[in-house]
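> what follows is a predicted structure for the sequence shown.
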2 protein chains.
Amino acid sequence: MEKIISLHNQHVKDWKKLLTRKQRKKTGTYLLDGWHLINEALTANVNVKSLIITSDQLEEHDDIVTRDFPIYEVTDEIMRAITDTVTPQGIAAEVELPTDQFDIPESSRGAWLFLDQVQDPGNIGTMVRTADAAGFTGVVAGSKTADLYSPKVVRSMQGSQFHLTLRHGNLDEWIELFKKQHFPIYGTQLNPEAKNFRDVAPAGSFALVMGNEGNGLSDNILSQTTSNLYIPMNGRAESLNVAVSAGILMFQLNQNIK
Amino acid sequence: MEKIISLHNQHVKDWKKLLTRKQRKKTGTYLLDGWHLINEALTANVNVKSLIITSDQLEEHDDIVTRDFPIYEVTDEIMRAITDTVTPQGIAAEVELPTDQFDIPESSRGAWLFLDQVQDPGNIGTMVRTADAAGFTGVVAGSKTADLYSPKVVRSMQGSQFHLTLRHGNLDEWIELFKKQHFPIYGTQLNPEAKNFRDVAPAGSFALVMGNEGNGLSDNILSQTTSNLYIPMNGRAESLNVAVSAGILMFQLNQNIK
């Protein structure tokens, strides 16, 4: 076990850089903050590159040193710097990104959520967490959607990345994959000419596509969906938050999936 | 029209103080940021105490000076300081809080959302916006729920405060009011012994109570509900975000309301 007290230590600099997508791509790792996420990662047999812990936490959890990965004892100040949070829990880990995060399979079954140009990390993380709760198989972030492994997305996913399949990819290719297998692609549209979401409850495999917070689905995607769903609004609000819409739709669409 | 260039101007100090609940209570006003909210307020005939606008915006919208409320031209720096946002739209307004926000009526019909100890302003605002979209009549923030008129709640409500009734109050009293009229109170519980939400679609008046992000409904509220709903989770996520749950439940419960 190594003890680090300086913010200028090379390890600290490297961990801090993991806040950026560029560095995560380079190292093939990302940072988990807090016991809950780290326990989920250990249960999922994710490869831990290093465990970072404050002296206080180490005192309370000294059994952690028996683990077979490098452990670094750090100051509270270092922990705040690398996790980018005001009150971190005092434990973090650099873990491996899934090596298949950019792969597209030859066939794919189940209920999937596709994200088209979604920007807000909190919304993205909440949608992944909701997809997990709804029993979805996977989530695909399209090329213009924010990265699934940024600290804010990771925080709001609350460990759901260990329960379902997450992919980054070109949505055109994923849509083609589903269409080839005759699985429906449900778009979403603020348009009463679209299909009332309550009338749709697929029994087999499908994909639901959610769009950008301000602009909804791109025209490119809308031209490829098999049908578009809308949520009838009785009130005077002009729209719903994208994560709320996604939740309402996923818990409608998951009713008859096997 | 008065032109203000100093951050130390008394008006600027007073507007900045509106970021706190204490000051909003004292003045009976709160701040709206951006054209969308201000237009909604004007449509709803809300009393505008002062309109605050940057020179750039004033140039583009010089017809605004014909309005019969005090207008203050300010610098970008002042606008950032009073709105607490990095890129404000350049227009803000101090408007009156509803004078009946703490009142409890003698009878009340319709679909209502009660918030029990909800803490996150973004969640609160999103739930109000969703309640509006779902055609709910009103939202009551219980005494331990964060203030409905804080800048972050106001931002995420997106103007829904002008479409439905918002109240702060003691949930025990509101529950009593609904029970007196024989309207059901639906609690929410992560417990398969609760009622599957899909089996409930009231035709008349009711209240749905959502609880704290981490702890759910308080025991006090749970002991007063007529029944408790749960959302069956097929996946491995332990819970849903409270605003997502509220959305799923409200768009189930609003199906048969008149």
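Great, that's in hand. Numbering: from 1, shown residues only, chains lettered A, B, ... in the order given.
> list the contacts of the lowest-mean-pLDDT helix or strand in chain A.
Lowest by mean pLDDT, DSSP states H and E among the helices and strands of chain A is helix A:55-60, with a mean of 91. Here helix A:55-60 makes contact (CB atoms under 8 Å, 6 or more residues apart in numbering or on different chains) with A:64-65, A:73, A:75-76, A:89-91. Where C-beta positions appear, they are placed from N, C-alpha and C, glycine not excepted.
> and those, which two are the farthest apart?
Greatest spatial distance among those (CB to CB): A:65 and A:76, at 19.5 Å.
> returning to what we had before: next SSE downstream of the least confident helix or strand of chain A?
Remark: after helix A:55-60, the chain's next helix or strand is strand A:71-74, criterion DSSP states H and E.
> so how far is that next one from its chain's centroid?
Chain-centre distance of strand A:71-74: 27 Å, with CA atoms, centre = their mean, to the nearest Å.
> what strands line up against it, and which way round?
Here strand A:71-74 is paired, per DSSP bridges, with strand A:2-3 (parallel), strand A:48-54 (parallel).
> just want the residue of the stretch 51-200 of chain A that's nearest chain B.
Using CB to the nearest CB, the closest approach of the stretch 51-200 of chain A to chain B is made by residue A:135 at 2.7 Å.
> for that residue, which residues are in contact?
Contacts of residue A:135 (CB under 8 Å, 6+ apart): A:111, A:254, A:257, B:233-235.
> try 6 Å this time
Residues in contact with residue A:135, defined by CB atoms under 6 Å, 6 or more residues apart in numbering or on different chains, are A:254, B:234-235.
> which of these are buried? Put it as a PyMOL command.
To isolate in PyMOL the members of these that are buried, counting by 16 or more other CB atoms under 10 Å in any protein chain shown, one can use:
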select buried, (chain A and resi 254) or (chain B and resi 235)
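> skip the chain neighbours and tell me the closest residue to the residue of the stretch 51-200 of chain A closest to chain B.
Spatial nearest neighbour of residue A:135, excluding adjacent residues (CB to CB, 6 or more residues apart in numbering or on different chains): residue B:234 at 2.7 Å.
> for that neighbour, helix, strand, or coil?
Assigned by DSSP: H, G, I helix; E, B strand; the rest coil, the conformation of residue B:234 is coil.
> tell me the pLDDT of it.
As predicted, residue B:234 sits at a pLDDT of 84.
> what about it, distance to residue A:251?
Residue B:234 is 10 Å from residue A:251, where distance means CB to CB, to the nearest Å.
> sorry, back to before: what about the contacts of helix A:55-60, which one has the most neighbours?
Counting neighbours by other CB atoms under 10 Å in any protein chain shown, residue A:91 leads the contacts of helix A:55-60 with 23 neighbours.
> check whether that residue really touches residue A:52, as I assumed.
No: the criterion here is CB atoms under 6 Å, and residue A:91 misses it with residue A:52 at 7.1 Å.
> which regions of chain A sit below the pLDDT cut-off?
Low-confidence segments of chain A, defined by pLDDT under 70: A:258.
> excluding its backbone neighbours, what's nearest residue A:240?
Closest residue to residue A:240 apart from its sequence neighbours, by CB to CB, 6+ apart: residue B:133 at 5.3 Å.
> next one: residue A:114
Computed as CB to CB, 6+ apart, the closest residue to residue A:114 that is not its neighbour in sequence is residue A:209, at 4.3 Å.
> shouldn't that neighbour be within a strand?
Yes: per three-state DSSP, residue A:209 lies within a strand segment.
> and it, what does it touch?
Shown in contact with residue A:209 (CB under 6 Å, 6+ apart): A:114, A:116, A:187, A:221.
> quick check: closest non-adjacent residue to residue A:233.
In space, residue A:233 comes closest to residue B:133 once its chain neighbours are excluded; the distance is 4.4 Å by CB to CB, 6+ apart.
> that neighbour and residue A:241 touch, don't they?
No: with contact defined as CB under 6 Å, residue B:133 does not reach residue A:241; the gap is 9.4 Å.
> for the two, indicate the residue with more neighbours.
The neighbour count for residue B:133 versus residue A:241, taken as other CB under 10 Å, is higher for residue B:133 (28 against 25).
> please report the distance of that one from residue B:41.
To residue B:41, residue B:133 is 19 Å away according to CB to CB.
> before we move on, what about residue A:190?
24 Å.
> of the two, who's got more company?
Neighbours were counted for residue A:190 and for residue B:41 using other CB under 10 Å; residue B:41 has more, 19 against 16.
> any idea which element the closest residue to that one other than its chain neighbours lies in?
Nearest non-adjacent residue to residue B:41, counting by CB to CB, 6+ apart: residue B:95, 5.4 Å away. Using DSSP H and E, residue B:95 falls within strand B:91-96.
> likewise residue A:154?
Taking DSSP H and E as the definition, residue A:154 sits inside helix A:151-157.
> by contact count, what packs against the next helix-or-strand element following that helix?
As assigned by DSSP H and E, the chain's next helix or strand after helix A:151-157 is strand A:165-169. Counting contacts by 3 or more CB pairs under 6 Å, 6 or more residues apart in numbering or on different chains; DSSP states H and E, strand A:165-169 packs against strand A:138-142.
> which positions in the stretch 151-258 of chain A make contact with chain B?
Within the stretch 151-258 of chain A, the residues that sit near chain B (CB under 6 Å from any CB of the partner chain) are A:160, A:163, A:233-237, A:240-241, A:244, A:247-248, A:251.
> and which of the residues you listed is nearest residue A:216?
residue A:240 (11.2 Å).
> what's the local residue count around the closest one?
Number of residues near residue A:240 (other CB under 10 Å) recorded here: 23.
> ok, residue A:112 next?
Quick note: residue A:112 (other CB under 10 Å) scores 25 neighbours.
> wait, isn't it in contact with residue A:138?
Yes: using CB under 6 Å, residue A:112 makes contact with residue A:138 at a distance of 5.1 Å.
> how far away is the residue in the stretch 151-258 of chain A that chain B sits nearest to from residue B:209?
Residue nearest to chain B within the stretch 151-258 of chain A (CB to the nearest CB): residue A:234, separated by 2.7 Å. Distance from residue A:234 to residue B:209, counting by CB to CB: 20 Å.
> same question, residue A:250
For residue A:250, the distance to residue B:209 (CB to CB) stands at 23 Å.
> over to residue A:54?
Taking CB to CB, one finds residue A:54 at 39 Å from residue B:209.
> same deal with residue A:74?
Relative to residue B:209, residue A:74 is positioned 43 Å away (CB to CB).
> repeat for residue A:161
31 Å.
> I'd like the strands paired with strand A:71-74 as a markdown table, with mean neighbour count appended.
Shown next, in a markdown table, are the strands paired with strand A:71-74 (neighbours: other CB atoms under 10 Å in any protein chain shown):
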| stretch | mean neighbour count |
| --- | --- |
| strand A:2-3 | 11 |
| strand A:48-54 | 21 |
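> residue A:17 is nearest to which of the ones you listed?
strand A:48-54 (13.6 Å).
> how many residues are close by residue A:212?
Residue A:212 has 17 nearby residues by other CB under 10 Å.
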